[in-house]
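> sequence and computational prediction follow.
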2 protein chains.
Amino acid sequence: MTTLPHDDLGTSWRNARPRAAGVHLDSAACSRQSGAVLDAVARHARHEAEIGGYAAEAAAEELLQQGRSVLAGLVGRAAADVAFTESASASLRTLVGRWRLPPGSRVGVLPGEYWHNLAALTDAGLTPVVLPADELGRADPAGVARVLRADPPALVHVTLVASHRGVVQPGRELAELCRAAGIPLVLDVAQALGHVDCDLGADVAYGTSRKWLAGPRGVGFLVLAPAESAQLTPLVGPHLFDDGGADTDHARWYESHDAHIGGRVGLVLAIGEHLAAGPDRVRARLAALGRATRERLDGRGGWSVAEPLDTPTAITTLQAPDGVDVRATAVRLREEHRVLVTAAGRERAPAELTGPVLRVSPHLDATEDHLDALAVALAG
Amino acid sequence: MTTLPHDDLGTSWRNARPRAAGVHLDSAACSRQSGAVLDAVARHARHEAEIGGYAAEAAAEELLQQGRSVLAGLVGRAAADVAFTESASASLRTLVGRWRLPPGSRVGVLPGEYWHNLAALTDAGLTPVVLPADELGRADPAGVARVLRADPPALVHVTLVASHRGVVQPGRELAELCRAAGIPLVLDVAQALGHVDCDLGADVAYGTSRKWLAGPRGVGFLVLAPAESAQLTPLVGPHLFDDGGADTDHARWYESHDAHIGGRVGLVLAIGEHLAAGPDRVRARLAALGRATRERLDGRGGWSVAEPLDTPTAITTLQAPDGVDVRATAVRLREEHRVLVTAAGRERAPAELTGPVLRVSPHLDATEDHLDALAVALAG
């Protein structure tokens, strides 16, 4: 059995948060915010009421800009490349909606691409084309290289860690292949940032606050290199301003303004907590939690784990035994055992899933006892 | 001089909020939330950390649905017609982005239409056409009737209360004219809801939480009649779901999901506080505050008020005397006198403004002393 490393990290992560009302194994849906993050968000909102919403935002701008800087650093870019948004999906809609690509431009995707992402791509007039992958949905770099050479798409869009299966895409190899081919690589890091290494050389990365970074809901980000930004046209751009929109960082044109600014402050603090914990240590413990989960659950009560045991993520997905309803199982686990997991529908990745899966996604504060409790409950 | 009615309302509104750090006359930008709203938002976020983000949302759903119902009632519609969004601008982008209108379809607008709205309309491939209005930018119903008869646009979009000038459009007359002509009327009520009557018979209404309703930032709404909804196609629609998206209210297909749910809870409470205060009493006091502001400020230090004195809103806009910089004045008022107002750039309504204006927008808790303080400071 895998032993979990960095128990000190588990303890400090747990102590920093409100007490969980049960066993929370659902961080791929939404993590538990820390007390410091909750307090910072609430304090910002109170400050808005005291001095005015926009004055409070101006007062927070230095912190927000530090946040843009460290967030950018996690994906290998600079503060000027960061736009805060509402969500990963808002980021993608903005990106492909504002990108001046000819209608019908082809976008390389992997077979398990997330359904909302595919909908956003096709809605923007783009045509997803499926890149070669192995039987688990992981990109086949040699096959991708051939496609990029023989029949290059306008861009490649990869979800680094999927929502319906805990595998990691070979992001660094894909970034090198795309760079060599002169094709922009866009990474969806919604399930990846704060979980696995995302500093891989992609041109664009976007994601959300609420998952592995454990920030507030309603906050996302879009990080894009100046070269890609130059191919976008903002909805409200410099030419509409009397002063020409002077001195505005290029990515800021894609940042939303009537926004949950307190949530952005909270995300900045949450990123600070991630950095303080040590990204390498976080990744090591999360990967060990994933392995420990899979060891305990594979075959249990007839459920089978989709990922290889040593996949370096904390996401485990389980296929149900014949005749067992996945949604009903998630409800049963929550209501009878106070264990929180997600029933993920087949529609999330219709080209890859054959049915719904039960997703288990512990964060750092999970213990072996939690995983054992789930294993017992699942078999029951 | 106008006497302010309902001083009890001013007192209770003030007592319900954190103490203001100065004189806040800026509710057209962002109002001051009440302590109860701030607490509810913070409590929801803590609940997310305790039981999980989506479990907390499910637990709040009954409250949110009550909120949809009362919000809908304020614009004369039903709960099933309401989608919570991130902002007024997100609502408009969703509305016109998802509406299956032929490219180039014409949209009737008034001369002072808000620049972001115009950008969203043209970005969606629509062509704004300017409807007849008087010298203050108020729709001329007889002229509009002629246009709707002679050369009908596909829809009419009206901002009921502008952001750059405190006039109110004749929404009820426009709704009747549009209904008679079979043309959908879309009302932007961002500056209107919680301020003036918005139950006027429009087919679609959208707005934001943070202004006159005094709810949290980062929350908006889109309310649309089933007949209009039937002309929209959601980005992620029923056909993508394995269960066909059964039993989902028509407007919910346009509601965002990775969202500031705590903020929506806060908006519901803020609407409750508006209803408890009494919308008629709120409107009467806000209109009196607008009149009292204009009486004090018109001509003061050479500044001139744009609206007629008795315009029934709390928004006053001032044109600067020759050689006086509006932005510098707003900074001076804030830094030297702790009075918060907005310098609104000409770009907000380029077809109507000739230069920036100083916007003064007291909420119920403003007093005659506050207005006097501004008058003295403005002259100084």
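Nice, I can see it.
> contact residues of the stretch 101-250 of chain A facing chain B?
A:115-116, A:119-120, A:123, A:208, A:210, A:216-220, A:235-236, A:240-242 (CB under 8 Å from any CB of the partner chain). For every residue, glycine as well, the C-beta is placed using N, CA and C.
> buried ones among those residues?
A:115-116, A:119-120, A:123, A:208, A:210, A:216-220, A:235-236, A:240 (16 or more other CB atoms under 10 Å in any protein chain shown).
> what ranges do the strands span in chain A?
Here chain A has its strands, by DSSP state E, at A:23-24, A:82-85, A:106-109, A:127-130, A:155-159, A:185-188, A:204-208, A:220-224, A:304-305, A:316-319, A:339-340, A:342-344, A:357-360.
> got JSON lines for these, with distance to B:Y54 too?
JSON lines is the format used below for the strands of chain A (distance: least, CB to CB, whole Å):
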{"stretch": "strand A:23-24", "distance to B:Y54": "11"}
{"stretch": "strand A:82-85", "distance to B:Y54": "20"}
{"stretch": "strand A:106-109", "distance to B:Y54": "26"}
{"stretch": "strand A:127-130", "distance to B:Y54": "28"}
{"stretch": "strand A:155-159", "distance to B:Y54": "20"}
{"stretch": "strand A:185-188", "distance to B:Y54": "20"}
{"stretch": "strand A:204-208", "distance to B:Y54": "14"}
{"stretch": "strand A:220-224", "distance to B:Y54": "17"}
{"stretch": "strand A:304-305", "distance to B:Y54": "23"}
{"stretch": "strand A:316-319", "distance to B:Y54": "17"}
{"stretch": "strand A:339-340", "distance to B:Y54": "9"}
{"stretch": "strand A:342-344", "distance to B:Y54": "8"}
{"stretch": "strand A:357-360", "distance to B:Y54": "12"}
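> of all these, which lies closest to B:V144?
Nearest to B:V144 among the strands of chain A is strand A:82-85 (37.4 Å), distances taken as CB to CB.
> partners of the closest one, with directions?
Strand A:82-85 has its sheet partners listed here by DSSP bridges as strand A:220-224 (antiparallel).
> now the strand it pairs with, how far from the centre of its chain.
Averaging C-alpha positions (CA atoms, centre = their mean, to the nearest Å) puts strand A:220-224 11 Å from its chain's average.
> show me the contact partners of that strand.
The contact list for strand A:220-224, computed with CB atoms under 8 Å, 6 or more residues apart in numbering or on different chains, reads A:71-72, A:75, A:77, A:81-91, A:94-95, A:190, A:203-209, A:232, A:251, A:254, A:267, B:258.
> of the residues you listed, just the buried ones, ChimeraX syntax please.
Selection of the buried residues among those in ChimeraX, burial being defined by 16+ other CB under 10 Å:
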select /A:71,72,75,77,81,82,83,84,85,86,87,88,89,90,91,94,95,190,203,204,205,206,207,208,209,232,251,254,267 /B:258
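> quick one: which of the contacts of strand A:220-224 sit in helices?
In this view, the contacts of strand A:220-224 that belong to helices under DSSP state H are A:71-72, A:88-91, A:94-95, A:267.
> about what we covered before: as JSON lines, the strands of chain A with mean pLDDT would be great.
Formatted as JSON lines, the strands of chain A follow (pLDDT from 0 to 100):
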{"stretch": "strand A:23-24", "mean pLDDT": "98"}
{"stretch": "strand A:82-85", "mean pLDDT": "98"}
{"stretch": "strand A:106-109", "mean pLDDT": "98"}
{"stretch": "strand A:127-130", "mean pLDDT": "98"}
{"stretch": "strand A:155-159", "mean pLDDT": "98"}
{"stretch": "strand A:185-188", "mean pLDDT": "98"}
{"stretch": "strand A:204-208", "mean pLDDT": "98"}
{"stretch": "strand A:220-224", "mean pLDDT": "98"}
{"stretch": "strand A:304-305", "mean pLDDT": "98"}
{"stretch": "strand A:316-319", "mean pLDDT": "98"}
{"stretch": "strand A:339-340", "mean pLDDT": "98"}
{"stretch": "strand A:342-344", "mean pLDDT": "97"}
{"stretch": "strand A:357-360", "mean pLDDT": "98"}
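> among those, which comes closest to B:D280?
strand A:82-85 (38.9 Å).
> surely A:A287 and A:A314 touch.
Yes - counting by CB atoms under 8 Å, A:A287 touches A:A314, with 7.0 Å between them.
> who's more crowded, the two?
Ranked by neighbour count (other CB atoms under 10 Å in any protein chain shown), A:A287 and A:A314 place A:A314 first, with 31 against 20.
> mind listing what the more buried one touches?
A:27-28, A:166, A:195, A:286-287, A:289-290, A:293, A:361-363.
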